[in-house]
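Engineer: prediction below, plus the sequence it came from.
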Amino acid sequence: MPDADNTARGQLTDVLKQLNAVIHRLPAAEDALAAYEQRPGRDFALDEVQRSLSALHESLQMAYLQVESAAVVVDKDQPVDVAYGNGKPWGGPQRPHYVLGLADRAANGTARATTSYRRRLRDGQLAESMDPTCPHTRYGQPCTSERVNRADGTRAAACWPHLTPEQKQEISVERDKAITANACSECGAAAGEKCVRNGKPASIHQRRLHAPQGASS
């Protein structure tokens, strides 16, 4: 049996405790505001404060439930999708509602493939491959461009100007294959036609790039 401190729920003990405490104190504040709004001759109109507090209460309750439910998915080692809904693989710590979405797709059979959240989380190489920051420098300063998207949903080693000729050739081949195999649902380009933006040829749209080869778009 795993140590409680190593479980997702165990790591969240203090977070959930403090969130729960805040949530349970909000009704008293809501009641006080409601009573003030009914007070004859009051100096202020606090209806906006009431709405804000009500929205906060609802938001915190939803956040609490999502965090708690996501911890259950992790601790029970429930299968999760290997990719987001757009087909892009995920890596690194995920927001609770993302974890629930990954688990839902695994449960209803719409996942491309399934994995263990903890196992995928430990894959540091994949998490690093999702980092969009180009690791090179330009004019002595860190490069501010993003690494090029790959067809498998990861990132290339650098932004386009910093890629080697061989890397550019490999990525161009990937993109040509995607263009040949898939139509584009974003710009309407047919299979074999380049993507367009504002009526002009453009770089391939990400949804088309990440689509399974031969998929209908």
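Structural biologist: Here it is on my side, so go on. Numbers count the residues shown, from 1 in each chain.
Engineer: okay, and the most centrally placed residue in the chain sits in which element?
Structural biologist: Centroid check for the chain by CA atoms, centre = their mean gives Tyr98 as the closest residue, at 6.0 Å. Using DSSP states H and E, Tyr98 maps to helix 96-108.
Engineer: relative to the whole chain's centre, how far out is that helix?
Structural biologist: 12 Å (CA atoms, centre = their mean, to the nearest Å).
Engineer: go through that helix and flag the buried ones.
Structural biologist: Pro96, Tyr98, Val99, Leu100, Gly101, Leu102, Ala103, Arg105, Ala106 (16 or more other CB atoms under 10 Å). Bear in mind the C-beta positions are built from the backbone N, C-alpha and C, glycine included.
Engineer: distance of the residue nearest to the centre of the chain relative to Ser185?
Structural biologist: Here the criterion is CB to CB, to the nearest Å. By it, Tyr98 lies 22 Å from Ser185.
Engineer: likewise for Thr7?
Structural biologist: Thr7 sits 41 Å away from Ser185, going by CB to CB.
Engineer: what's the answer for Asp131, then?
Structural biologist: 27 Å.
Engineer: can you check Ala157 too?
Structural biologist: For Ala157 relative to Ser185 (CB to CB), the value is 29 Å.
Engineer: contacting residues around stretch 78-90?
Structural biologist: With contact meaning CB atoms under 8 Å, 6 or more residues apart in numbering, stretch 78-90 is reached by 72-73, 98-99, 101-103, 105-107, 110-117, 120, 126, 130, 152-154, 206-207, 210-212.
Engineer: and the residues you listed, which of them are buried?
Structural biologist: Among the contacts of stretch 78-90, those classed as buried by 16+ other CB under 10 Å are 73, 98-99, 101-103, 105-106, 111, 114-115, 117, 120, 126, 153-154, 207, 210-211.
Engineer: ok so, going back, nearest to Gly140 among the buried residues of helix 96-108?
Structural biologist: Each of the buried residues of helix 96-108 was checked against Gly140 using CB to CB; the closest is Tyr98, at 37.4 Å.
Engineer: quick one, domains of this structure?
Structural biologist: Per automatic domain parsing, the structural domains of the chain span 1-76, 77-130, 148-210.
Engineer: how far does the second one stretch from start to finish?
Structural biologist: Spelled out, it's domain 77-130. 23 Å (CA to CA, to the nearest Å).
Engineer: and it, how far out from the chain's middle?
Structural biologist: Remark: domain 77-130 is offset 10 Å from the chain centroid, using CA atoms, centre = their mean.
Engineer: and for the first one?
Structural biologist: With CA atoms, centre = their mean as the basis, domain 1-76 stands 23 Å off its chain's centre.
Engineer: same question, stretch 161-176
Structural biologist: 27 Å.
Engineer: how about that stretch: buried residues?
Structural biologist: Along stretch 161-176, these residues count as buried under the neighbour rule (16+ other CB under 10 Å): His162, Leu163, Ile171, Glu174, Arg175.
Engineer: how about those residues in JSON lines, adding secondary structure, distance to Glu58 and pLDDT?
Structural biologist: Formatted as JSON lines, the buried residues of stretch 161-176 follow (DSSP: H, G, I helix; E, B strand; the rest coil; distance: CB to CB, whole Å; pLDDT from 0 to 100):
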{"residue": "His162", "secondary structure": "helix", "distance to Glu58": "46", "pLDDT": "95"}
{"residue": "Leu163", "secondary structure": "coil", "distance to Glu58": "47", "pLDDT": "93"}
{"residue": "Ile171", "secondary structure": "helix", "distance to Glu58": "45", "pLDDT": "93"}
{"residue": "Glu174", "secondary structure": "helix", "distance to Glu58": "44", "pLDDT": "91"}
{"residue": "Arg175", "secondary structure": "helix", "distance to Glu58": "44", "pLDDT": "92"}
